[in-house]
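Pasted the sequence and its predicted model underneath.
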Amino acid sequence: MNKSTTRPGWYNFVIVLGLSVMAGTLSFPNNVMNQLIEAFPDTATSSVRAISTIASLVGAISSLLITAVLGKRIKYKMIAIIGAILATIGGVMPFFFHSSIGVILVWRFVFGLGFGCGTIRNATISRMFKDRNESAKWLGISLTCVNVVAIIGGILAGIVSTNGWEYVFLLYLVGIVPITINIFLIKEPEVEDKEGHISSAKNVKAEETEGNFDPRVILYVVLVLCTILWSYPILSGTASLVADRNLAPAALIATIVSMYNLGAAVSGTIFGIGYKILGKRGLGTFAIGISLGLGILLLAQNAVVAGIGAFVGGVCVGNCPLYLIQWAGEVTSGSLKGFITTLLTATVSLASFASSYWITVSDMLASRITIFPTEVERTFLLSLILFVIVGVIVLIKPPFPKDRKEV
């Protein structure tokens with residue numbers, strides 16, 4: 001019997017919470033970015049913004065190195081503990097050492113290493129819950145935990161930053177929670193051989209757990225990259241669109257933008273249900289849903305409609321990468337499963353890092369679209385078109401893993 005089915009739901013939730021909390025802290029510095037830029041007027045803005053982006057880049061690279069180098073010998077419990085400790089230390093230290101941008105970046109690099117260790121959370125969850133629907137359920141709950149932490153952290157950041165921008169970094173003391181959970185509650189997940197047979201990690205020989213590479217993984221990686229890049233205009237351009245159209249006062253604009261994050265949080269709670277109901281059509285359905293959210297934003301003539309568009313976009317954007325991460329785990333077996341699942345999770349981080357550069361490319365491509373007068377609107381329309389095309393294609397021919405016996 002699968003041990004995950006015998007554990008109480010609250011226990012599974014606590015474990016998933018411990019694996020997910022620190023991922024939600026990644027965006028904390030974004031909430032005081034304007035203050036940071038003002039605090040270092042002689043430093044290039046791009047360098048200041050690296051306080052936020054460097055962690056995604058370092059985390060993505062380090063997570064891949066961890067799973068590639070350690071391979072089948074990877075100890076998920078130990079990596080989770082080390083990651084939470086590094087992320088907490090690297091997160092908090094800029095409160096004490098913030099005299100120069102260089103010092104802050106060094107500590108953000110340390111945080112990035114911890115964040116990279118935490119990126120294997122999806123691989124850990126996939127190993128803990130062998131059943132396809134159970135795995136989807138807890139992957140979704142993990143995403144919800146990440147977004148809820150980010151939302152609460154954003155609110156608290158606004159409160160504590162009144163004492164100074166450096167106080168935001170004290171919020172990383174929340175890392176004490178996952179450190180405690182990972183040390184005392186999480187257990188090493190069981191492993192499986194090439195045929196998918198489950199065994200205790202300490203009883204499986206190295207040669208029996210290598211696994212096989214499925215070429216569909218390459219497509220999954222590309223689709224994850226596209227999903228994050230193409231949806232970035234919603235997060236970066238909604239505030240400008242609302243302001244350009246005078247749909248809401250300045251104080252309300254941040255609330256409208258936060259509807260995207262709220263939608264992303266909700267997406268995790270419905271992923272397990274959606275995965276079970278929509279099955280192989282889910283990816284295409286949510287891709288079309290992203291285009292719907294973009295369309296609502298483009299047609300919005302008041303703040304309420306704009307908020308609905310941002311919310312719909314957040315819900316659907318949150319679900320698409322989860323589908324691909326889940327599928328990647330299903331077409332892969334053995335120790336390679338951990339690497340592939342982490343690869344797709346790391347791709348999300350890499351795409352987030354590259355998103356600002358995509359905006360530049362997107363602006364160039366969208367400049368040929370003359371239906372709308374502003375660059376933001378044209379960028380939204382370009383993303384809408386791309387998502388409709390991909391959504392229709394994957395609805396017609398879903399890259400869906402069939403029965404596990406094919407692996």
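Cool, got the structure.

where in the stretch 301-407 of the chain is pLDDT low?
334-335, 402-407 (pLDDT under 70).

quick one: low-confidence parts of this structure?
Scanning the chain for pLDDT under 70 picks out 1-6, 70-73, 190-211, 251, 334-335, 402-407.

Show me the residue at the heart of it, geometrically.
residue 348 (5.8 Å; CA atoms, centre = their mean).

what's the distance between residue 271 and residue 279?
Look at residue 271 and residue 279: by CB to CB, to the nearest Å, they are 13 Å apart. C-beta coordinates here come from the backbone N, C-alpha and C atoms, glycine included.

These two: who's more crowded?
Using other CB atoms under 10 Å, the more surrounded residue of residue 271 and residue 279 is residue 271, with 27 against 12.

how about the closest residue to the more buried one other than its chain neighbours, what does it touch?
Residue nearest to residue 271 in three dimensions, not counting chain neighbours: residue 140, with 2.9 Å by CB to CB, 6 or more residues apart in numbering. The contact partners of residue 140, by CB atoms under 8 Å, 6 or more residues apart in numbering, come to 267, 268, 269, 270, 271, 272, 275, 322.

Just give me the neighbour total for residue 389.
12.

swap in residue 78?
Residue 78 has 13 neighbours, counted by other CB under 10 Å.

Then residue 308?
Residue 308 sits with 17 neighbouring residues when counted by other CB under 10 Å.

And residue 138, by the same measure?
By other CB under 10 Å, the burial measure for residue 138, its neighbour count, is 26.

Then residue 368?
Residues near residue 368, counting by other CB under 10 Å: 8.

Can you list the buried residues in stretch 11-24?
For stretch 11-24, a neighbour-count test (16 or more other CB atoms under 10 Å) marks 12, 14, 15, 16, 17, 18, 19, 20, 21, 22, 23, 24 as buried.

what's the closest non-adjacent residue to the last one?
This points to residue 24. Of all residues not flanking residue 24 in the chain, residue 149 sits nearest, at 2.7 Å (CB to CB, 6+ apart).

Please identify which helix or strand holds the one you found.
helix 132-160 (DSSP states H and E).

For residue 281, see how far away the residue nearest to residue 271 is.
Counting by CB to CB, the gap from residue 140 to residue 281 is 17 Å.

Also residue 316?
From residue 316 to residue 281 the distance is 14 Å (CB to CB).

what about the spatially closest residue to residue 119 that is not a sequence neighbour, which SS state?
Nearest residue to residue 119 in three dimensions, chain neighbours excluded: residue 63, at 3.8 Å (CB to CB, 6+ apart). Following DSSP: H, G, I helix; E, B strand; the rest coil, we place residue 63 in the helix state.

what's the neighbour count on residue 63?
Other residues lying near residue 63 total 28 when counted by other CB under 10 Å.

Contacts only, for it.
116, 117, 119, 120, 342, 345, 346, 349.

got it, and residue 278?
Residue 278 makes contacts with residue 285, as judged by CB under 8 Å, 6+ apart.

count of neighbours near residue 325?
For residue 325, the number of neighbouring residues by other CB under 10 Å comes to 28.

Identify the residue nearest it in space, chain neighbours excluded?
residue 344 (4.7 Å).

again with residue 347
Counting by CB to CB, 6+ apart, residue 347 lies nearest to residue 224, which is 4.6 Å off, once chain neighbours are set aside.

The one you found: what's it in contact with?
With the criterion set at CB under 8 Å, 6+ apart, residue 224 makes contact with 320, 321, 324, 325, 344, 347, 348, 351.

tell me which of those is nearest to residue 308?
Proximity of the contacts of residue 224 to residue 308 (CB to CB) peaks at residue 320, which lies at 19.2 Å.

Go ahead and confirm the closest one touches residue 283.
Yes - contact criterion CB atoms under 8 Å: residue 320 and residue 283 qualify, at 6.3 Å.
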